[in-house]
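Asker: Sequence below, structure please.
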Amino acid sequence: MMSGDDNDKPEDAADELDMDAADAVDTVEESPDAVVEEAAPAVSELEQARIEAGENRDRYLRAAAELSNFRKRTVKMRSETRDDTLRDVLLQIGPMLDNFRRALAQEADDIVVFRQGIEIIFKQFNEILSSYGLVEIDTDGQAFDPNLHEAMVQMPSAEHPPGTVIQEMEKGYMLNDRVVRPARVIVSTAAIENEAGEGDTGGIDSDGTDSGDQQDDGKA
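Answerer: From the prediction side, this is the model:
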């Protein structure tokens with residue numbers, strides 16, 4: 001014989017199943033909107049990233065175009081500056097060339113007058129070079145400096161300390177503290193000591209005779 005509680009169980013179970021099914025249907029119906037709401041922030045961030053990427057690309061292209069234009073302007077300015085400088089030099093050299101033509105056109109037998117004309121032109125030319133900052137490198141009696149001088153010959157000397165410039169072969173020049181061309185020079189070395197203990201400058205005495213010949217004459 002069944003109790004009252006046992007008779008209620010099938011009906012209660014059926015009601016619970018119906019309620020669960022209804023909840024499941026409601027959940028399924030509501031889930032698409034919920035998914036969209038949850039995905040909305042991610043979609044918004046992606047779209048913002050795309051916008052920023054586009055803006056960055058535009059900025060890069062503008063910067064690249066500006067750099068290219070800057071380089072072109074720089075090349076053009078350098079070319080114009082070089083042309084302007086060359087034009088200024090030629091304008092100053094023009095009068096000097098005119099003086100050369102006048103000097104060559106004269107039929108003067110006096111060499112002194114001709115030399116004076118050449119000296120005037122030479123002075124004028126040096127003044128033009130100096131106006132552009134070109135200066136001669138000092139060499140007379142200076143200590144040899146490899147940054148300023150180029151040693152062409154080394155010569156024993158009893159009159160100068162070793163490493164002294166004793167003669168200039170070609171002028172050197174500097175432009176705004178930069179060496180354009182080093183001066184080509186003869187540099188002194190230590191004098192060779194002979195048997196008498198005197199400095200020998202290579203066998204040639206001050207009178208132009210060979211010291212070795214004098215010694216041979218003495219022995220004879």
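Asker: what secondary structure does Asp145 sit in?
Answerer: Using DSSP: H, G, I helix; E, B strand; the rest coil, the structure places Asp145 in coil.
Asker: Distance-wise, check it relative to Ile186.
Answerer: 14 Å (C-beta to C-beta, to the nearest Å). All C-beta atoms are positioned from the backbone trio N, CA, C, and that covers glycine.
Asker: what about those two, which has more around it?
Answerer: More crowded of Asp145 and Ile186, by other C-beta atoms under 10 Å: Ile186, with 18 against 14.
Asker: Go ahead and confirm the more buried one touches Glu150.
Answerer: No - contact between Ile186 and Glu150 fails when scored by C-beta atoms under 8 Å: they sit 10.8 Å apart.
Asker: Stretch 166-181 - what's its average pLDDT?
Answerer: Stretch 166-181 shows a mean pLDDT of 92.
Asker: Keeping just the C-alphas, turn that stretch into CSV.
Answerer: The C-alpha trace of stretch 166-181 is given here as CSV (Å, rounded to 0.1, in the frame of the first residue of the first chain):
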residue,chain,number,x,y,z
ILE,A,166,115.5,74.5,-42.6
GLN,A,167,114.1,75.1,-46.0
GLU,A,168,110.7,75.4,-47.7
MET,A,169,110.2,73.7,-51.1
GLU,A,170,106.5,74.4,-51.6
LYS,A,171,104.1,76.6,-49.7
GLY,A,172,101.4,75.1,-47.6
TYR,A,173,98.0,76.6,-47.0
MET,A,174,95.2,76.5,-44.4
LEU,A,175,91.6,77.5,-44.8
ASN,A,176,89.7,78.3,-41.6
ASP,A,177,92.1,76.3,-39.4
ARG,A,178,92.0,73.3,-41.7
VAL,A,179,95.0,72.2,-43.7
VAL,A,180,94.4,72.5,-47.5
ARG,A,181,97.9,71.5,-48.5
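Asker: Report how many residues lie close to Asn126.
Answerer: Neighbours of Asn126 (other C-beta under 10 Å): 13.
Asker: did I read that right, it in a helix?
Answerer: Yes - applying three-state DSSP, one finds Asn126 inside a helix.
Asker: ok, now which ones touch it?
Answerer: By C-beta atoms under 8 Å, 6 or more residues apart in numbering, Asn126 lies in contact with nothing.
Asker: Try it again at 10 Å.
Answerer: When contacts are counted by C-beta atoms under 10 Å, 6 or more residues apart in numbering, Asn126 touches Leu134, Val135, Glu136.
Asker: Which residues are in contact with each of Ile186 and Glu150?
Answerer: Between them, Ile186 and Glu150 share the contacting residues Phe144, Met169, judged by C-beta under 10 Å, 6+ apart.
Asker: Just the helices from this structure, written as ranges.
Answerer: 4-105, 111-131, 211-219 (DSSP state H).
Asker: Least confident of those, on average?
Answerer: helix 211-219 (a mean of 47).
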